[in-house]
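1. following is a predicted model, sequence given first.
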Protein chains: 2
Amino acid sequence: MHDLKSLFSPRSIAVVGASTRPESVGRALFENLRLSGFKGKIFPVNPKVKRLGSLRCYSSLSEIQEKIDLALIAVPAILVPDILREAGRIKIKAAVIISAGFKEAGRNDLEQEIVRIAKHYRLTLLGPNCLGFIRPRNCLNATFASVSSTPGSLAFLSQSGALGTAFLDKAQSLSLGVSLFASVGNKAILDEADIINYLQTDKSTKVLGLYVEQFSRPEILGRAIRRFNRGAGARPVVVLKAGATAAGAQASVSHTGAMAGNDEIYQAFFRDNSIIRADSMSDFFDYLQIFTSNKIVSARRLAIITNAGGPGVLAADAASRRGLILSQLGRATLASLKKNLPAAASMANPIDILGDASPKRYLDTLKMILTDDAVESILILVTPQSMTKIEELAEILLKHRRSLSKPLAICLMGGASMSSASLSLRRAGLAVFDYPEQAVAALAVLADFYDKEKKKVSNVFQIKMPSISWPEKRAFERVTKIFAHLRSQGIKEIPEFQALEILRLYDLPVPKFFILRSQADAARARKIFPEPLALKIASYDILHKDEVGGVSLDVKPENLVGAYKDILARVKERKPGAAIEGVLVMPMVSSSLAELIVGSVSDSSFGHSLMIGWGGIYTETIKDVSFTLLPLTLEKIRRMLSTLRVGKILLGSRGQKPADFQSLVRLLFTLERLLFDFPEIKEIDLNPVAISAEGLQILDARLILS
Amino acid sequence: MHDLKSLFSPRSIAVVGASTRPESVGRALFENLRLSGFKGKIFPVNPKVKRLGSLRCYSSLSEIQEKIDLALIAVPAILVPDILREAGRIKIKAAVIISAGFKEAGRNDLEQEIVRIAKHYRLTLLGPNCLGFIRPRNCLNATFASVSSTPGSLAFLSQSGALGTAFLDKAQSLSLGVSLFASVGNKAILDEADIINYLQTDKSTKVLGLYVEQFSRPEILGRAIRRFNRGAGARPVVVLKAGATAAGAQASVSHTGAMAGNDEIYQAFFRDNSIIRADSMSDFFDYLQIFTSNKIVSARRLAIITNAGGPGVLAADAASRRGLILSQLGRATLASLKKNLPAAASMANPIDILGDASPKRYLDTLKMILTDDAVESILILVTPQSMTKIEELAEILLKHRRSLSKPLAICLMGGASMSSASLSLRRAGLAVFDYPEQAVAALAVLADFYDKEKKKVSNVFQIKMPSISWPEKRAFERVTKIFAHLRSQGIKEIPEFQALEILRLYDLPVPKFFILRSQADAARARKIFPEPLALKIASYDILHKDEVGGVSLDVKPENLVGAYKDILARVKERKPGAAIEGVLVMPMVSSSLAELIVGSVSDSSFGHSLMIGWGGIYTETIKDVSFTLLPLTLEKIRRMLSTLRVGKILLGSRGQKPADFQSLVRLLFTLERLLFDFPEIKEIDLNPVAISAEGLQILDARLILS
């Protein structure tokens, strides 16, 4: 276990590299610490200096001779290992390495060395290559940033120091206080998951914000986040993510790989872990503002108070786009609005209290709708009209702050004329936005978070855990042998005829099929298959059979021999060098409710994912796919199905029976097993998978080994 | 012709209702005018006052005895007609009616009266119920707003006075100057189209921004906008639209009506007229900023300079989402970057010039990439790091302002520490944004506008004007009779069997069909149709045949009589009261490339639109539809097809031949003709329309009359 208490709530701190040199990191760090009002002891360490301000400066950590909880280290990278060893020897428990020049600069060796030292001495380590951290409630600023932070309820963890500084700067101008700001740097020891676990019991943290570039341990991070944002007292986690996933191999040979694109795997991670994703920095701040300013309660039904019609309509439009519902005001509310507002006011929601609305009229209206049960959240819109006394309005709202018991967003539209009111409202912890659409989007995210916590995923898709008889040991051994053989041949891309064989060994529903190796085979097959047939070329050199004329569909059995010869002739012409194993023959599936694509792709940090989507000829056109990360659960499958457009088709319509969802569930869990047994499978592509009320059949498949 | 010169460039102005009463509109208006430095003569008119400041106050307009170009009127609505008459009599050419209390307050009579007076005296009239206008270059502020504006290149027209004030306030804090600000109010005489036509020759206007709630004359507005934003010297038009269209009849009986939803008709109007739509106020200001700050040139290939990696990645992500391309820097550029930047800097684009980047390093990098032909636009990202001298950077950029010859966006990430630099950059006319995603989105809109002007719509869809032989007079007369008959029966919803008849009269491709009225008919039909059949109930009381068991598909001719009896029995059970005309029978269409939905819906302000979409069972699931407004052009059809996912299916794939697009073109133009002949058609729904390489067939249809 890491000692995050010594790190974030130390009683004594040594600053190695403290300095008076202008523009040096050591000076900025030391000054921040000194000026932040830290109550414990501070020991500057710098062999070249005797005193720093009123404090004695030590030549080394060992010289200090008092108990030190935390060491802040800001010396050239090359000196860090020795200092860390010294810290370990004198039993310092935690350290922050501000210094850069490690992994990020190509010095992985140096990074590994400090990891070894930290592990050896059980040092809790933040960094290296980081900005440090701020714990305003402990009067502790351990960064070299030029801006600081006030106490608040937001914990913000940033993988980028620069973005961290921009964040602190912006947060300050939004009066957004923090419980903890930490720059995690290279995450040599501590990463986000460790810090989130430490925050589980931190009552002052109400909201968690993360800026992430790479996820180091997604499974562990996911678990930490779910402890934080689920169940009783669930607290929202908002993430801003930069950069594309490694799996985003545009040149992928499988459809699934191509679909995974840049972002689908992350999307799956966010969805699986109820993480609120901000699509931009602007959204990020809006969401943090709404969550730090309001309680997490039901907020779906919104009332809008405005002093101008147009902006009210803009807000109402945005509400409908974002899934908020305009409250139907109760009779009592309408009666009292009618009694108290001017005749020209519009009592319908948005409530237009007219251009000459005084602060008192705003307050009166607010009071009337606060007691209406149909109103769960409130948006106050203010445009700067000639009668608008905006500072007075701010004062009156602040005076009645305590009675504002429902989620509230205030939108002050305009520029300079709004800034002083905006500042005082934000300082008092109210959420203030520049534009109606922003305010509405933030309220919608609040409503979504509450509802997601309270409601289970829609239960339209009635699925249950399948009873799967795991493939016998014999199957596992057969597949192992097949893979070993292919590997020995240098084959990584496994075409249909071989992939179907592997799937069949795992008891997956593939049609009856044969490989025709001669005309005589073809003549014989005529008798076995009475129905129309599909013929497909079987060759390890051909992954995309269509492109070389290697497919014939709807072949009547009596034409089988001719079709067999035609396929061979076409392929010979278009791909002369290919070694042909034969021609695969299988019966055509007469009809299905829909054709799906089911697949898997492996990501370097997230491991295997599973995908369901609309397949067949619609694969590329519609791009209707949904991913989830392993391990698989029924809830994840439900969630995938409910985000898919093809999900509605599967439910049946116009008298068609719904698909056999259980067969899909069985397929997915069996694929998970296959991936567990053979982690060397990089990609799977089952497409099309024909599904109907009677079950499903895998009509084409390919596997890619890593 | 309206006299907008007298309105916007008057030499003398009378202010009727000028006042000294605090908080009165008349005072605010008069003060604004007086203080704006207007060079012409000002005549305050108010019978109760002798002098206003240093000016003589007149008791009436007639008393003035000098030439007056413009009258500003701010008196109670009831007094306005008389004043307007007086203005007309003394040959004042233009008037602005600030006063409210007309149509918007239920006094349509009063509004009609001023329209009559204005038309009689040929008065050019802005308002009523408006904020007025500002023409900064003429030192003319004719509004009662509490904020004003500086000269600039943006013309902004607002339908809402309140939003206009919020706009002016915000624009001022963004240093966004205007060539004209006008609040159009109730648009009794002048509307946006008139003002835009006036601006066609106004060289000082480079960008047009509109805030619109209702479009008064969409065809005329569209034409004015196309003159403004197309061809040589095309200038961008950015619109912020509030509110939903009247056609958004959620309870519509046709699919087309339901699809039109709230917004599709507007979307069609915007697309047809190359209007840039801002989805939020925040986008609106971002787009206006980028256009007023930059020339309209090719800007697709973007170079990013940043002093921090993370934000660079955020910007690169946004660029890829928005369709911008990161420039591949040329060899010479890379060589000079390598020579001049520190070794740790990243020369790949985004160019990371490191956290300690000085203003000079920014400038040097900028100079190096400005000469690279691969770089068409530039984004400068600045995070507030400890070494960042942001004011100095702003100074250095301003000093080299003239050499910044390519579209440029500057993103200053942070809060208060950035505000002074941001202010001075904006004052100098540079586009400054808070967040990287915003800056990128704005640059992308600039790139799109330039490319749209330069490139024609993709020519994948090779279509040409069809030669349509218009239906004979006889057909027109027959349909006229049918409609008259239906109207006399009180029938507005025309079901399939009757709708197909109408379409056939207009030479549209419907299958051969009969109405079976007896078992004997059914027995006879067996001989006429050798192929599998579709049977559908024919009744004016049944629009949704499926729901009452009124459809049998794939009926073999030998089973026709039985199927006929079954349908009648089912319908009798499920809809006992319905008057049955018979059972429609037609051959099944064996196969098609895709099933489309083609339709039309009529909107109270936009008139008829045409829609193409993915139809059949996918209609509701995929919602892949595209609308256009009439009149139809080939380019509009191409544009619709290229926005549809089903468009790709129609192009053919996997060896399938492309659809016969010409048959679709013929269908659309014929529908336009039908709508022209019969404006009483409110909605048309052709669904499915089976299309293949051989042509198309309309397999089901309904018409709704208004």
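-> Alright, I've got the coordinates.

2. hey, where'd the strands end up in the stretch 601-706 of chain A?
-> Counting by DSSP state E, counting those that start in this stretch, the stretch 601-706 of chain A has strands at residues A:607-614, A:625-629, A:681-692, A:695-698, A:701-705.

3. what about A:Ser600, which SS state?
-> strand (DSSP: H, G, I helix; E, B strand; the rest coil).

4. who's in contact with the residue nearest to it when sequence neighbours are not counted?
-> What sits nearest to A:Ser600 in space, not counting adjacent residues and going by Cβ to Cβ, 6 or more residues apart in numbering or on different chains, is A:Ile684, at 4.2 Å. Yep, even glycine has a C-beta here, placed from its N, CA and C like the rest. Going by Cβ atoms under 8 Å, 6 or more residues apart in numbering or on different chains, A:Ile684 touches A:254, A:256, A:598-601, A:671, A:674-675, A:701-704.

5. can I have the buried ones of those as a ChimeraX selection?
-> One line in ChimeraX is enough to select the buried ones among these; burial here means 16 or more other Cβ atoms under 10 Å in any protein chain shown:
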select /A:254,256,598,599,600,601,671,674,675,701,702,703,704
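
6. per-residue pLDDT, the residue nearest to A:Ser600?
-> Per-residue confidence (pLDDT) for A:Ile684: 95.

7. ok, now how distant is it from A:Pro47?
-> A:Ile684 sits 60 Å away from A:Pro47, going by Cβ to Cβ, to the nearest Å.

8. repeat for A:Ser149
-> In terms of Cβ to Cβ, A:Ser149 sits 32 Å off from A:Pro47.

9. these two - which one has more neighbours?
-> A:Ser149 (25 against 10; other Cβ atoms under 10 Å in any protein chain shown).

10. where along the stretch 251-400 of chain A do the strands fall?
-> Using DSSP E, counting those that start in this stretch, strands in the stretch 251-400 of chain A cover A:276-278, A:301-306, A:325-326, A:351-352, A:377-382.

11. I should have written the stretch 51-200 of chain A there, sorry.
-> Under DSSP E, counting those that start in this stretch, the stretch 51-200 of chain A gives strands at A:51-52, A:55-56, A:70-73, A:94-97, A:124-126, A:132-135, A:140-143, A:151-158, A:178-183.

12. quick one: low-confidence parts of the stretch 601-706 of chain A?
-> Along the stretch 601-706 of chain A, the model assigns pLDDT under 70 to residues A:653-655.

13. likewise chain A?
-> A:244-262, A:453-459, A:653-655.

14. what's the domain layout of it?
-> A:295-451, A:456-509+A:592-706, A:512-588 (automatic domain parsing).

15. nearest to chain B, out of the strands of the stretch 51-200 of chain A?
-> Of all those, it is strand A:151-158 that lies closest to chain B, at 8.1 Å by Cβ to the nearest Cβ.

16. given that closest one, what are its sheet partners and their directions?
-> strand A:178-183 (parallel), strand A:207-212 (parallel) (DSSP bridges).

17. which one of the ones you listed has the most crowded surroundings?
-> Among the strands paired with strand A:151-158, strand A:178-183 has the highest mean neighbour count (mean count of other Cβ atoms under 10 Å in any protein chain shown), at a mean of 28.

18. just give me the neighbour total for A:Glu635.
-> The local packing of A:Glu635 (other Cβ under 10 Å) involves 13 other residues.

19. so how far is A:Ser274 from it?
-> On the measure of Cβ to Cβ, A:Glu635 and A:Ser274 end up 11 Å apart.

20. quick check, stretch A:300-318 touching chain B?
-> Yes - judged by Cβ under 8 Å from any Cβ of the partner chain, stretch A:300-318 and chain B are in contact via A:307-311, A:313-314, A:317-318.

21. out of those, which are buried?
-> The buried subset of the residues of stretch A:300-318 next to chain B (16+ other Cβ under 10 Å) comprises A:307-311, A:313-314, A:317-318.

22. narrow these to those in helices?
-> The members of those that map onto helices under DSSP state H are A:309-311, A:313-314, A:317-318.

23. count of neighbours near the residue in the stretch 401-550 of chain A that chain B sits nearest to?
-> Nearest to chain B, among the residues of the stretch 401-550 of chain A, is A:Gly415, at 3.0 Å (Cβ to the nearest Cβ). If you count neighbours by other Cβ under 10 Å, A:Gly415 ends up with 21.

24. wait, it sits on B:Ala171?
-> Yes - counting by Cβ atoms under 8 Å, B:Ala171 is a contact partner of A:Gly415 at 7.3 Å.

25. if I look at A:Gly177, how far off is A:Pro47?
-> If you go by Cβ to Cβ, the gap between A:Gly177 and A:Pro47 works out to 38 Å.

26. nope, A:Gly132 is what I was after
-> A:Gly132 is 22 Å from A:Pro47, where distance means Cβ to Cβ.

27. do the same with A:Lys170
-> 38 Å.

28. then A:Ile410?
-> Counting by Cβ to Cβ, the gap from A:Ile410 to A:Pro47 is 55 Å.

29. cool, A:Val460 as well?
-> From A:Val460 to A:Pro47 the distance is 70 Å (Cβ to Cβ).

30. same question for A:Gly330.
-> 74 Å.

31. likewise for A:Asp109?
-> 26 Å.

32. with A:Ser405 instead?
-> 59 Å.

33. list the contacts for A:Phe8?
-> A:133, A:135, A:138, A:140, A:180, A:198.

34. likewise A:Met465?
-> Counting by Cβ under 8 Å, 6+ apart, A:Met465 has contacts A:634, A:665.

35. what about it, which SS state?
-> Under three-state DSSP, A:Met465 comes out as coil.

36. who in the stretch 351-500 of chain A is up against chain B?
-> Neighbours of chain B within the stretch 351-500 of chain A, by Cβ under 8 Å from any Cβ: A:355, A:383-387, A:413-418, A:434-438.

37. the residue nearest to A:Asp352 when sequence neighbours are not counted: how many residues sit nearby?
-> Distances taken as Cβ to Cβ, 6+ apart put A:Ser346 closest to A:Asp352, at 4.0 Å, once the chain neighbours are dropped. Using other Cβ under 10 Å, A:Ser346 has 15 neighbouring residues.

38. same check, this time on A:Asp191
-> 22.

39. residues contacting it?
-> A:184, A:216-217, A:221.

40. cutoff 10 Å now
-> A:126, A:157, A:159, A:184-185, A:212, A:215-217, A:220-221, A:224 (Cβ atoms under 10 Å, 6 or more residues apart in numbering or on different chains).

41. what subset of those is buried?
-> Applying 16+ other Cβ under 10 Å to the contacts of A:Asp191 flags A:126, A:157, A:159, A:184-185, A:212, A:215-216, A:220-221, A:224 as buried.

42. can I get those residues in CSV with distance to B:Val237?
-> As requested, the buried ones among the contacts of A:Asp191 are exported to CSV (distance: Cβ to Cβ, whole Å):
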residue, distance to B:Val237
A:Leu126, 52
A:Leu157, 44
A:Gln159, 41
A:Val184, 46
A:Gly185, 48
A:Val212, 40
A:Phe215, 44
A:Ser216, 48
A:Ile220, 52
A:Leu221, 47
A:Ala224, 50
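
43. chain B: which of these is nearest?
-> A:Gln159 (7.0 Å).

44. give me the number of residues near the residue nearest to that closest one when sequence neighbours are not counted?
-> Closest residue in space to A:Gln159, ignoring its immediate chain neighbours: A:Glu213 at 4.8 Å, by Cβ to Cβ, 6+ apart. Look at A:Glu213: counted by other Cβ under 10 Å, it has 15 neighbours.
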